[in-house]
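Asks: A structural model of the following input is requested.
(one chain, ligands or ions: 1)
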Amino acid sequence: MVLSQEQVAAAPQINTALPGPKAAAIIERDKKVISPSYTRGYPFVIGDGNGAVAADVDGNTFLDYCAGIAVCATGHNHPHLVKKVQEQAGQFFHMSGTDFYYEHMPELAERLGATMPEYIDDKGNRSKAYRTFFCNSGAEAVEGALKLARYHTGRQTIISFYRSFHGRTYGAMSVTASKSVQKKRFRPLVPSVHHAHYPYHYREPHGATPEETAAYCLKYIEENLFGKVVQPDEVAAILVEPIQGEGGYVVPPDGFLLGLQAMAKQHGFLIIADEVQAGMGRTGDYWASNQVPGFEPDILTSAKGLASGLPLGAILAKHHVMNWPPGVHASTFGGNPVACAAALATLDLLDDGLCDHAKQQGEYLMAKLKTLQSKFACIGDIRGRGLMVGMELITDAATKGKAKALRDDIVDTAFYHGLIILGCGENSIRFSPPLVITNEQTDKAIDILATVMTECLAKQKQPVGV
Ligand SMILES: Cc1ncc(COP(=O)(O)O)c(C=O)c1O
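Replies: Residues are numbered from 1 along each chain as shown. From the prediction side, this is the model:
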């Protein structure tokens, strides 16, 4: 089945009970043979896609405001990506950058490096020189970044943040502090990791301003970690998401990232920006880090949207930081040429206006959600940048009680109305659509959301109005 432009324009259209017969059969097979560790909620079985529309195997169409967890940056089956991937697949699939050369790796590294900020290098010169290590996933990028920070500094300790998510492999899991189920029965973890507070202004209990919240979080590291738990000269790096993803799409004030950077410079450790979820145009710039003037992470991790749906991860580092000898780190599949071709095609589109489009569409989506907030008392907070937008649901404005059950119900029910969304944090919904969405699609998505929220609040016997 190939989705026609008419089907795309008419989406969403639900023609069967959900799941339809073909979807139900696949889910039955899946249950028998696939690891039950995945966290599938509603029964969506993709059969086709076009832009921001995804169809299931029974021909029902959905508006995709999830993009395979912030991955399909250019939308499903973008013709430019399809062409470049097909061309590459017709040439060669693999050779392994660990032992051989192919042009895609330096070409992609050059183009990614060009998206990074200027910095002062170890000799005091202005530089825009970066080196890149290619891998296959977000966790693998984080894992490598941790190794690089330890290697470069000769120090062991890593500081990361509560509510952060960095992946499922041992190093990435150890720096993660998202859900305890992700660690239970997997200990012992990688040692010398400490967690600190990430500014979450909406949940600040003392009525502080965002800047004061950020200052408190910085002070916590200086006063409670340094000297008491760890000496600052033992710290290899602070690992930070410029916008927390799985933790609830929480945007810190600029002063937080700049404060961490000042601390790093003072004590001689590195800043690793985990842009696995926020990067590659999603926030309306190539990197969320670029939106904080003066912030220039020493190491940056990318994956998810990097190749718009093919598995590719990258560690970008300042040239003098990624200065490790042959044999210390490698990956057989990392920088696979077909995935690199998809990433180069993604960059073509971002350069050609998709970043700006994401910014405009993000503003439109945010404005529409704010209108919804004026009608629904359960919407506590709307926040984000570009097309990384979070909506936090509460039981009531006075206590800001976390409306987790309502959130889960809204996410599930939206599917049955043709809208694909996912939760994040304890009680938030994330909107991470393909960057190609249109105003018309957002208008439809918001109408669906309003219907769904009214239905779910009625089930919970919770009033709608503010
Ligand atoms: C910020 C961040 N880092 C790392 C990861 C791990 O990426 P992956 O699932 O590709 O290993 C994720 C995944 O959600 C993420 O959001």
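
Asks: got the residue ranges for the strands in the stretch 51-200 of the chain?
Replies: Along the stretch 51-200 of the chain, the stretches classed as strands by DSSP state E, counting those that start in this stretch are 53-56, 61-64, 119-120, 126-127, 130-135, 157-161, 193-196.

Asks: got a markdown table for these, with mean pLDDT too?
Replies: As requested, these are exported to a markdown table (pLDDT from 0 to 100):
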| stretch | mean pLDDT |
| --- | --- |
| strand 53-56 | 98 |
| strand 61-64 | 98 |
| strand 119-120 | 95 |
| strand 126-127 | 96 |
| strand 130-135 | 98 |
| strand 157-161 | 98 |
| strand 193-196 | 98 |
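
Asks: Which of these sits closest to residue 344?
Replies: Closest approach to residue 344 among these (Cβ to Cβ): strand 130-135, 12.4 Å. Using the backbone N, CA and C atoms, a C-beta is placed for each residue, glycine as well.

Asks: related to what we said a few turns ago, mind checking the strands of the stretch 51-200 of the chain for the one nearest to residue 307?
Replies: That would be, of those and by Cβ to Cβ, strand 130-135, which comes in at 10.2 Å.

Asks: Give the partner strands of that closest one in its sheet and their orientations.
Replies: strand 313-318 (antiparallel) (DSSP bridges).

Asks: what's next to the next helix or strand after the partner strand, contact-wise?
Replies: Following strand 313-318 in sequence order, the next helix or strand is helix 337-349 (DSSP states H and E). The contact list for helix 337-349 (Cβ atoms under 8 Å, 6 or more residues apart in numbering) reads 73-74, 78, 80-81, 83-85, 87-89, 91-95, 102, 104-105, 107-108, 111-112, 115, 134, 136, 280-281, 305-312.

Asks: picking up where we left off before, who wins for proximity to the ligand among the strands of the stretch 51-200 of the chain?
Replies: strand 130-135 (9.6 Å; Cβ to the nearest ligand atom).

Asks: Just give the number of residues close to the residue lying closest to residue 24 once chain neighbours are set aside.
Replies: Computed as Cβ to Cβ, 6 or more residues apart in numbering, the closest residue to residue 24 that is not its neighbour in sequence is residue 43, at 7.4 Å. Residue 43: 17 surrounding residues under other Cβ atoms under 10 Å.

Asks: Next one: residue 43 from residue 290, what distance?
Replies: Distance, residue 43 to residue 290, by Cβ to Cβ, to the nearest Å: 39 Å.

Asks: one step back: from memory the residue nearest to residue 24 sits against residue 22, does it?
Replies: No. Counting by Cβ atoms under 8 Å, residue 43 sits too far from residue 22 to count as a contact (11.3 Å).

Asks: Can you tell me which of the contacts of helix 337-349 are buried?
Replies: 73-74, 78, 81, 84-85, 88, 102, 104-105, 108, 111-112, 115, 134, 136, 280-281, 305-312 (16 or more other Cβ atoms under 10 Å).

Asks: Next step: those restricted to helices.
Replies: Among those, DSSP state H puts 81, 84-85, 88, 104-105, 108, 111-112 in helices.

Asks: show me which of these neighbour the ligand.
Replies: For the ligand, no contacts are drawn from these by Cβ under 6 Å from any ligand atom.

Asks: Just name the closest of those to residue 206, please.
Replies: Lowest distance from residue 206 to these (Cβ to Cβ) belongs to residue 112, with 41.1 Å.

Asks: The most centrally placed residue in the chain: what secondary structure?
Replies: With distances taken as Cα atoms, centre = their mean, the residue of the chain nearest its centroid is residue 277 (1.5 Å). Put simply, residue 277 is coil when judged by DSSP: H, G, I helix; E, B strand; the rest coil.

Asks: From the ligand, how far off is it?
Replies: 4 Å (Cβ to the nearest ligand atom, to the nearest Å).

Asks: How far off centre is stretch 228-244?
Replies: 21 Å (Cα atoms, centre = their mean, to the nearest Å).

Asks: now that stretch: mean pLDDT?
Replies: Taken as a whole, stretch 228-244 has an average pLDDT of 98.

Asks: any bit of that stretch sitting next to the ligand?
Replies: Yes. Using Cβ under 6 Å from any ligand atom, stretch 228-244 reaches the ligand at residue 241.

Asks: Kindly export that stretch (C-alpha atoms) in PDB.
Replies: Output in PDB follows, covering the C-alpha atoms of stretch 228-244 (Å, rounded to 0.1, in the frame of the first residue of the first chain):
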ATOM      1  CA  LYS A 228      31.500  16.600  50.500                       C
ATOM      2  CA  VAL A 229      30.900  13.900  48.000                       C
ATOM      3  CA  VAL A 230      33.600  14.400  45.400                       C
ATOM      4  CA  GLN A 231      36.500  16.800  44.800                       C
ATOM      5  CA  PRO A 232      36.000  18.900  41.700                       C
ATOM      6  CA  ASP A 233      39.400  17.800  40.400                       C
ATOM      7  CA  GLU A 234      38.100  14.200  40.300                       C
ATOM      8  CA  VAL A 235      35.200  15.200  37.900                       C
ATOM      9  CA  ALA A 236      35.700  14.200  34.300                       C
ATOM     10  CA  ALA A 237      32.400  15.700  33.000                       C
ATOM     11  CA  ILE A 238      29.000  17.000  33.700                       C
ATOM     12  CA  LEU A 239      26.500  15.300  31.300                       C
ATOM     13  CA  VAL A 240      23.500  17.400  30.600                       C
ATOM     14  CA  GLU A 241      20.500  17.300  28.300                       C
ATOM     15  CA  PRO A 242      20.100  21.000  27.000                       C
ATOM     16  CA  ILE A 243      16.400  20.200  27.200                       C
ATOM     17  CA  GLN A 244      15.300  17.200  29.300                       C
END
